[in-house]
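Student: here is the input, now give the coordinates:
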Amino acid sequence: MRGQPTAKLNLGSAQSVAAVLRKHVLFELEGIDRMYLNVFVPVLQAVEGVLKFIRIHRGHPVASTAMVEPITRRFVASIEDYVRDHNIPMITFEKGERKDDIAKQRHAAFDCDEGVVFVGKAQEKCTVYRTEKRRNPRTQRSYAWIVKSTALVNHYYFYCLDRNFGPFFLKFCSYFPYNAKLCLNGHEYAKRQLENKGIQYQALDNGVLSCADPARLQSICDGLSGEKIDALLRKWLRVLPHPFSARDRQAGYRYQLSILQIELSLTQVLDRPVSGRMFFEDVIRENLDAGRPKQVQLIFDRWVTRSTPGPFRTRIITDGVIPSLHIDYKGTRIKQYHKEGRALRTETTINNTRDFYVGKSLRNLPTLRTIGFQANRRLLQVEQISHDCLLSEDAFQKLNRPIQIDSQRASALRFADPQVQALCGALLGFQLLPTGFSSRNLRDSLAPLLGLQPHQLTQGRMTYQLRRLRLHGIIERLPGSHRYRLTGFGLRTGWFFTRTYARIIRPGIASALGQLPTPNAALRRCFDKLELEIKDWADKAKLAA
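Tutor: Okay, here's the model as predicted:
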């Protein structure tokens, strides 16, 4: 259960991923991590709205951005006056400086529970409006015309501390239409709420290690809503210098929020840090292909076609000695790493909500939460099954024998049969999982593995294969269709068959034959040795489980 502690157990040296997550997670927390939001006046994002603001609302006879220059000067002057009157430090960010490091140092020295910690100033590129001169081709008279452009202008970062949200910053562009950015952290919000309610907790850097009331903490994280975020913005817009007057706001020129980037994380604290790191490295080794298109659509539950824009990739990044797993899908990334040697952190960062056919409005926050949290859980599910794909002896024997259900009979799925190995390899194509697959899909994947052209696999042969896969419980038919999907047992069977054959049987046989001088009794001895090695490995795995 989310937010609930589990019993602390000793972690053995050889445990499956599923066993570690089931038995050795002391505490887990699911919630929003970092959010980066656009703060903008909707009507001023189009040239037509700018013309209306200048000509109709402000009453200027000429449609030129020169008419808003006085607003810019007053806005910059109000920021400088505010900083001076409240004795707030203002620093200029140098190129290459890490703003987060500077902010962390300033926050550590700030002794109030709420207020503006400091203001940072930096030149950054942004979208602006410019006025250019155009000429009427018929009358040859020149006229002013407003166009969108980009420019390098000053931005002002207000790094603040809020009683309910903790540290955040609000960045204003000093040039019309004065768009801004709001950056906050859901874990800092949760910590501040725990402090306000007097609930004891132990902090991680950007996270929580333990809590006296885990269920209450999870409820706090679940309660971080769009309405509360909007209220945070309104609160500080009343405090900080504002480019738009009360008359502007009454006319509808008010700031709104949209989601630019959101990180959704799952933190699972393990009982033994060293064993947790070993577990994480095993996960990386077993899932190096998790970012390929076939697996990405299983994790994100989105259909991937040849026209779907990439990239689709898995990257292993080592920062010092701490490895991290990155899975990219369009503009979205899943990152997994061992945080501070104590917790497994899985987080999905959505950089473009439209990757999932969801708008950027803040009202879509619940939908994005569901997408991100499901992606985190799906990745863990894929890792558990891929790392722990052992079959019981009874299940293995049933697969290797013919089966009859009612009046339908199917042949055995013999482990060493090349066709069975090819079937398992074809079924593990992840593009077949989320929305099911047809007989044609399976034929196109299976034929190359058998060294055949797709047309050489007749419909009768495919019907035969599908029937025995279905009767053995490897696949199931989707209701009301002629499509199938892989079952959980089928996924485990496919991984067990293909990995055991590729990692144990094939190398073992190659090693035995490589040492064989003549085809005589020595061959028998080599196979006996191989059988003993397999039995010894199986006994060790059974004891470890």
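
Student: can you read off the pLDDT for Gln123?
Tutor: On pLDDT, Gln123 comes in at 93.

Student: ok so it is a strand residue?
Tutor: Yes: under DSSP: H, G, I helix; E, B strand; the rest coil, Gln123 falls within a strand.

Student: once you drop chain neighbours, what's closest to it?
Tutor: Nearest non-adjacent residue to Gln123, counting by CB to CB, 6 or more residues apart in numbering: Leu152, 5.3 Å away. The way it works is simple: take the backbone N, C-alpha and C, and place the C-beta from them, glycine included.

Student: can you give me the strands for the stretch 351-500 of the chain?
Tutor: 403-405, 408-410, 475-477, 484-486 (DSSP state E, counting those that start in this stretch).

Student: TSV for those, including mean pLDDT, mean neighbour count and distance to Lys121?
Tutor: As requested, these are arranged in TSV below (pLDDT from 0 to 100; neighbours: other CB atoms under 10 Å; distance: least, CB to CB, whole Å):
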stretch	mean pLDDT	mean neighbour count	distance to Lys121
strand 403-405	85	12	73
strand 408-410	86	14	73
strand 475-477	87	17	61
strand 484-486	83	20	56
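
Student: closest one to Arg141 among those strands?
Tutor: Shortest separation from Arg141 across the strands of the stretch 351-500 of the chain is recorded for strand 484-486, at 68.2 Å, computed as CB to CB.

Student: for that closest one, report the contacting residues that lie outside it.
Tutor: Identification of contacts with strand 484-486 by CB atoms under 8 Å, 6 or more residues apart in numbering yields 427, 432-433, 436-438, 442, 466, 469-470, 474-478, 494.

Student: nearest residue to the middle of this structure?
Tutor: With distances taken as CA atoms, centre = their mean, Thr348 lies nearest the centre of the chain, 1.8 Å away.

Student: doesn't Tyr329 make contact with that one?
Tutor: No: between Thr348 and Tyr329 there is no contact under CB atoms under 8 Å: 9.4 Å.

Student: thinking again about what came up before, from Thr127, how far off is the residue nearest to Gln123?
Tutor: 12 Å (CB to CB, to the nearest Å).

Student: cool, and Gly494?
Tutor: Distance from Gly494 to Thr127, counting by CB to CB: 50 Å.

Student: so the two - more neighbours on which side?
Tutor: Taking neighbours as other CB atoms under 10 Å, Gly494 and Thr127 compare with Gly494 leading, 22 against 13.

Student: so the more buried one touches Leu428, yeah?
Tutor: Yes: in this structure, Gly494 is within contact of Leu428 by CB under 8 Å, at 4.8 Å.

Student: re the thing from before, so of the contacts of strand 484-486, which ones are in helices?
Tutor: Leu427, Leu442, Leu466, Leu469, Arg470, Gly494 (DSSP state H).

Student: just the buried ones among the residues you listed, please.
Tutor: For the ones in helices among the contacts of strand 484-486, a neighbour count by 16 or more other CB atoms under 10 Å gives the buried set as Leu427, Leu442, Leu466, Leu469, Arg470, Gly494.

Student: among these, which one lies nearest to Arg377?
Tutor: Closest approach between those and Arg377, by CB to CB: Gly494, at 21.2 Å.

Student: excluding its backbone neighbours, what's nearest the closest one?
Tutor: Using CB to CB, 6+ apart, the closest residue to Gly494 is Cys424 (4.2 Å).

Student: for the one you found, list the residues it contacts.
Tutor: Counting by CB under 8 Å, 6+ apart, Cys424 has contacts Thr493, Gly494, Phe497, Thr498.

Student: need these in JSON lines (columns: pLDDT).
Tutor: Converted to JSON lines, the contacts of Cys424 look like this (pLDDT from 0 to 100):
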{"residue": "Thr493", "pLDDT": "82"}
{"residue": "Gly494", "pLDDT": "79"}
{"residue": "Phe497", "pLDDT": "79"}
{"residue": "Thr498", "pLDDT": "78"}
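
Student: on that earlier part again, check pLDDT for the contacts of strand 484-486 and point me to the minimum.
Tutor: In terms of pLDDT, the lowest of the contacts of strand 484-486 is Leu432, showing 40.

Student: average pLDDT for stretch 130-147, rounded please.
Tutor: Mean predicted confidence for stretch 130-147 is 82.

Student: tell me which residues are up against it.
Tutor: Outside of stretch 130-147, the residues within contact range by CB under 8 Å, 6+ apart are Val47, Val50, Leu51, Val62, Ala63, Ser64, Thr65, Ala66, Tyr129, Lys148, Ser149, Ala151.

Student: please tell me I have it right and the first one contacts Tyr129.
Tutor: Yes: with the criterion set as CB under 8 Å, Val47 and Tyr129 qualify as a contacting pair; they are 7.3 Å apart.

Student: point out where the protein drops to low pLDDT.
Tutor: 1-19, 273-323, 384-393, 429-436, 503-527, 538, 541-545 (pLDDT under 70).

Student: how far away from the center of its chain is the strand or helix carrying Ile79?
Tutor: Under the criterion of DSSP states H and E, Ile79 resides in helix 69-85. Computed by CA atoms, centre = their mean, to the nearest Å, the chain-centroid distance of helix 69-85 equals 40 Å.

Student: I'd like to know which elements it is packed against.
Tutor: With contacts taken as 3 or more CB pairs under 8 Å, 6 or more residues apart in numbering; DSSP states H and E, helix 69-85 sits against no other helix or strand.

Student: just the CA atoms of it, as PDB, please.
Tutor: Extracted in PDB, the C-alpha atoms of helix 69-85 (Å, rounded to 0.1, in the frame of the first residue of the first chain):
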ATOM      1  CA  GLU A  69       7.800  50.800 -23.400                       C
ATOM      2  CA  PRO A  70       6.600  52.900 -20.400                       C
ATOM      3  CA  ILE A  71       5.100  49.800 -18.900                       C
ATOM      4  CA  THR A  72       8.500  48.100 -19.100                       C
ATOM      5  CA  ARG A  73      10.300  51.000 -17.500                       C
ATOM      6  CA  ARG A  74       7.800  51.200 -14.700                       C
ATOM      7  CA  PHE A  75       8.000  47.400 -14.100                       C
ATOM      8  CA  VAL A  76      11.800  47.300 -13.900                       C
ATOM      9  CA  ALA A  77      11.800  50.400 -11.700                       C
ATOM     10  CA  SER A  78       9.200  48.800  -9.300                       C
ATOM     11  CA  ILE A  79      11.500  45.700  -9.000                       C
ATOM     12  CA  GLU A  80      14.500  47.800  -8.100                       C
ATOM     13  CA  ASP A  81      12.400  49.900  -5.600                       C
ATOM     14  CA  TYR A  82      11.000  46.700  -4.000                       C
ATOM     15  CA  VAL A  83      14.500  45.200  -3.600                       C
ATOM     16  CA  ARG A  84      15.800  48.400  -2.100                       C
ATOM     17  CA  ASP A  85      12.900  49.100   0.200                       C
END
